[in-house]
Structures are given as structure tokens and as C-alpha cells.
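Asks: only geometry, no sequence info:
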């Protein structure tokens, strides 16, 4: 540490304060940066375990997930979380539980024994869950999940508003017969997007026709099947809202097989803004952006506020819905009929 | 700890050994598991910082990456790494550097001060790099990267063999005019896949024609452009090998715009086995599997061997190339001409 102080031209006290993350705002950021650079160059590796033992912290955040980073959205969430954590000089410690409850219990214990400052509990897609039992006394945040009893802070996409946005866009350009290529099953995203679809059609005075909601698996094959059923109707819709971009990929195929040109004969709006699909479909797909980067970032920022005590203790855990904006490309036009 | 011992019906010594990860093989795994479960149920959270300080380890592995988990392949690598680490009761600590050298130096320091047992240094796609300067005395493994001086263990896809596999498959079914829809620039994957392409054509007595290598950006737009140039030749190829599945997506479009039916008029082989593209193209794409799950798993297993000292000190750092197998779907047939 003496070497670092000498090289940086600063007092040993200043160096010690910087390297132990103390001294608060009395030490300018530029000085802190200089000390850290000198320390790195001189090969000074302080022992954060010892410092952490004193402070009962490891300056890390645990991320427990059912499936980490195997979808592009999980990757973006991780990315947003890591960036926000990094700004606060914290690292993310990662455990993937594959949704196994026993593994999850062990995983939570493994991150707790490492004295994480807090835990992010993330699910692969938006789910309502029983809150995990976390024994240690650290704050917990849910990402892309909410607790059935709202007992934990939660950050999820606003799929209800996202569904409204998609359908309102189609209504605004003049469509009145709008089919919904919906995913089978009742995941919250499907329920909320359908509610948005119904509301907008009702509010526009169009009314909603349940037979225009066609269901399939949440992939291109399911989209092909569900869209085909709608396009084979004598009164086929002039526009389709698809549950996700993968189903939209199948809807494109259904349209092509019937000689329908997108967007002239059929407008399509997807959901997700999946980076390897939406910009590359022919024509490029107008869709709704999933806000996973924001979910990760805002979740960590709230976790840091809980850790620092800047969020009022006793306030109800925020249940945050992040907007899903429209991304306009070339798959929507006014109806030709 | 007394409560745990009582609940598990074991001596306090046994419980203490298990909870501090000692006792070696003298304690059966089933007993260890029982102790851990009881401890978790009773809310016993040992302090791993204190234990780590004694042992100078945090039982974590640092993962430094230029872009973590924003591609499905990075996600798979992370998945493989985390699974292997987890088996050894180690967690992954993650830092994303965005390729910024200054951030990378800080990131390496941040994981070192937390006394990681070793470091995984991963790049987003296969690269030859100057080995990172790691000050601390911990083993370092490169994932999807190799050091220009082979001074660090490295785990990369065998893109040379993968290129051979793709082209050999086309030759085996009877193709002789095989175009290469290649990515612009000279990344190692492009160089190696091209070498495989040339070798197979030469060995088959077909010889290789440089004008059949057409270049574009590594996405669907680039694939459309590069494939179009090949398909507009009077002597158009009967088959295309595409640098990746996204370029293959563009090649499909180029074929469709010319009324060419895949695979009857044109066979196509991709690369990556990108899960949201390859199975969903119409027809499903025959491609080469990127082995990122294996890269993550094998990399961590080797890192653990270095940490445990079971890999002989002084042995040259292994430079491992992981096979990229063929995944057959429906985009290849015998040439019709």
C-alpha cells in the first residue's frame, strides 16, 4: 500500500480509504480512479474477504434463476443487472436452478453463505410464483416474476399495456378485423396481452370476436398453425397480432403459402423484438419490445436502494410494470380491402 | 450447529466438518447432503467469508467476458460453465467488460480481490487475443478464444473440422458446384471454415474456385446479398455452405426470390444451429452445431483440475478444439441437374 501511495503521490491514508471503499465523497472520483489504476499496475490485490468479513458483505449480488441466459431476453436482463451492479462496484454471482425446488434451496444457501448483499430471483418468462423462502436477512427482488401475495418487490413487463399498444396501432391505421395468434395455456403474458387486445377492440367500438383468437404452441410451427386457421376463414382478418415474434415467423409462412402479401394483404404485429427474427423477416416485423434490459437495471437499482437503506423501510414492496414500446418496421399498412 | 447435529442425528464434529467442507471422503455424500438439508431447514447460514479467509478461497470462479450472454451461444457457454462449477460446489461470478480494456483491468481486479479460485476469460465469438494480464496468482482459462502465444489453456470450436463436415456432407450426396456464402473480414472462424471448404473440394478432386466464395455481412441481409451474387451466375452452384444460420436465412430468401426450391433446386448447409432459426426455416435447415455448452463445461472442468492441482504443473497449456457436429434437417438433397 505504501508503494501505491508513493506511485500515486498521495498519502497512505487516502490510498487505504480508497482501497477499502471508504472516505465517502471527501475523495474525488478522479483520485479514487488514480489510486485503483496504480494499485492494479503494481499488482496490489487487497483481500476483499477480510474486508467483507469486517463489513459482513462481499459486495456481490446473488442472481438465482430457473434458466439463466439461454434466451436472448434472459441475456439482456442479466446484462442490465450487471451494468447497474457494476456502477455500484458490486458483482453478480450466478446460479441456475433449472427450476428444481431442491436445487433452488441449495442455491439460495450457497449464495447466502457467501454473504451476498441481496438476491435477484429471476424467472425465464413472466410468472406469478410463491415467493422463495430466503432464510438469510438480505433483500430479495423478483425479476420477470411477481409473488402471488405481492410480498416482494417485483419488476415485470407491462404485457397488458403492450397488448393494447400492438392492437391500438393496427386500429389506428384502419384495421377492424384483427386476429390474435395466441399461445396455448394461461401464462400471465398471454392473459394480459389478450386483455389488452379485448379492451382496445371494445373501446374502438369494434367489439371482440372470440373466434378470432386462434391458439398454438409458442413457436413458428404454432404460429403457422394458428394463423392458418384464421387465414382460411371466408371472412379472414386483415391483420394479425401475434403473441411473439416466433409465432409471427409462422404467420408469415401461413400468409406466403396462401399468396397473401405482407403488409398489403395482411398486416402483422409481433411481440418480443427478438433480435435474430424481427429485423430479418421479409418484410421486417413491426413488434413490441420486451424490456428485459430495463427489468435487470431497475431491479438492481431498487435492490441497491434496499441495501443502502435509502428506500423507506416498511413501505410496501413496489410491484413495477415496465412499458413495452412499439417498434415500427414494415409489416403494417392500412387495409387494402 | 448443535441444533443441526441433533436434527440430523450426527455428531457436532461431523456437522462442523461437512459445513466447512472438510472431512474429505471419510464422510459419505448422503451424510453431507443430509447435514446440508437440515442446516438449510433450520436456517443455519455459515459464514463462508470467514471460512474462505482461512482457506484463502471464496469457492467462486470469475467469468470475465466482452459480451456476456447476449447471444444464445454465450448463454449456452455460461450454462455449461455454471453446471460444471455447481457440481464442484463453486459459483460463477460474472463481469461483462463490453470489450473495454480499462474496464477489463478493473473487472479482473474486482474478481481477484474477492479471492476467486480461478478465472474464465470468454469472448463473444472465437478470437485470437493477447492473453489478459492477470496479476493474481490464480489459473486462467480462455473460452472461445486462444492466446496468440498459446500461453493459456484454450477451448474453442473446431471450425476447421466443422467446415470440412459441412462441405463433405454436400459432396457425399453428389454436389460438385458448391458456393460458400462467407462473412466479410478475417475472423478465425471464417478463415478456418474456408480452409475446411477448400480442403474437402480439393481432396474430392473437384478443386476449388475462388469466385464461388461470395462475401457479405454476417446477418440475413449479408446472406441475401452474397447468395444472390452466386445464384445470378449462369453456372449457379447447386449447393451453398453458409457461414452461419443468419446468413443462411438470407440465402433462403435469395433462393425464394428466384423461384428456386430448397432442397430440390438448391441445397443449403448453415453453421451455428441457432435455435430460433435453424429448426424454423422452411424447410428446416441442415447445419453445424456450435459446441458452446461443451466449451463452458470442459473449460470449467479443466479450471477445476488446475485449482485442485490434479493437472500436472508445468505441462503445456492445452489448446482444445471441440468438434462441431452435423445436424441433419431438410435443406440438403442430391442435385437435380
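Replies: Happy to help now that I have it. Only a predicted model underlies this, so the values are computations on that prediction, with no experimental measurement involved.
Asks: Give me the mean pLDDT for the helix or strand in which residue A:122 is found.
Replies: Using DSSP states H and E, residue A:122 sits within strand A:118-129. Mean pLDDT, computed over strand A:118-129, is 87.
Asks: List the neighbouring strands of it plus their orientation.
Replies: When pairs are called by DSSP bridges, strand A:118-129 turns out to pair with strand A:60-65 (parallel), strand A:140-147 (parallel).
Asks: which residues touch the first one?
Replies: Okay, so that is strand A:60-65. For strand A:60-65, contacts defined as CB atoms under 8 Å, 6 or more residues apart in numbering or on different chains pick out A:74, A:78, A:81, A:85, A:90-97, A:104, A:107-108, A:111-112, A:114, A:116-124, A:132, A:300, A:303, B:93, B:114. Quick note: C-beta positions are derived from backbone N, CA and C, even for glycine.
Asks: Could you list the single helix or strand in chain A with the lowest mean pLDDT?
Replies: Ranking every helix and strand in chain A by mean pLDDT, DSSP states H and E puts helix A:48-55 at the bottom, with a mean of 59.
Asks: Residue A:259 - how many residues pack around it?
Replies: Here the number of neighbours of residue A:259 (other CB atoms under 10 Å in any protein chain shown) works out to 7.
Asks: How about residue A:28?
Replies: Residue A:28 - counted by other CB under 10 Å - has 9 other residues nearby.
Asks: if I look at it, how far off is chain B?
Replies: 17 Å (CB to the nearest CB, to the nearest Å).
Asks: swap in residue A:154?
Replies: Counting by CB to the nearest CB, the gap from residue A:154 to chain B is 22 Å.
Asks: ok, that residue touching residue A:302?
Replies: No. Contact criterion CB atoms under 8 Å: residue A:154 and residue A:302 do not qualify, at 9.9 Å.
Asks: Compare the two (neighbour count), which wins?
Replies: Neighbour totals were compared for residue A:154 and residue A:302, and residue A:154 leads with 26 against 21 (other CB under 10 Å).
Asks: Which phi and psi values does that one adopt?
Replies: Main-chain torsions, residue A:154, degrees, to the nearest 10: phi -140, psi 140.
Asks: pLDDT score for it?
Replies: Residue A:154 is assigned 96 on the pLDDT scale.
Asks: circling back to that earlier point, need the residues touching each of residue A:154 and residue A:302.
Replies: A:141, A:318, A:320.
Asks: Got a quick PyMOL command for the buried subset of those residues?
Replies: Entered in PyMOL, the line below selects the buried ones among those, by 16 or more other CB atoms under 10 Å in any protein chain shown:
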select buried, chain A and resi 141+320
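Asks: where exactly do the strands run in the stretch 51-200 of chain A?
Replies: A:60-65, A:91-96, A:118-129, A:140-147, A:154-157, A:178-183 (DSSP state E, counting those that start in this stretch).
Asks: CSV for the ones you listed, including distance to residue A:205?
Replies: Shown next, in CSV, are these (distance: least, CB to CB, whole Å):
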stretch, distance to residue A:205
strand A:60-65, 44
strand A:91-96, 48
strand A:118-129, 31
strand A:140-147, 33
strand A:154-157, 28
strand A:178-183, 13
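Asks: The stretch 101-250 of chain A against chain B: which residues are in contact?
Replies: A:105-106, A:109-115, A:135-136, A:219-221, A:246, A:249-250 (CB under 8 Å from any CB of the partner chain).
Asks: Quick one: mark the members of those residues that sit in helices.
Replies: Among these, the members found in helices (DSSP state H) are A:105, A:106, A:109, A:110, A:111, A:112, A:113, A:220, A:221, A:246, A:249, A:250.
Asks: And the furthest pair within those residues?
Replies: Greatest spatial distance among those (CB to CB): A:113 and A:250, at 46.4 Å.
Asks: The two - which one has more neighbours?
Replies: Counted by other CB under 10 Å, residue A:113 and residue A:250 do not tie: residue A:250 has more neighbours, with 25 against 21.
Asks: Assign the nearest residue to the more buried one once chain neighbours are set aside to helix, strand or coil.
Replies: Using CB to CB, 6 or more residues apart in numbering or on different chains and skipping residues adjacent in sequence, the residue nearest residue A:250 is residue A:223, 2.6 Å away. Three-state assignment for residue A:223 (DSSP: H, G, I helix; E, B strand; the rest coil): helix.
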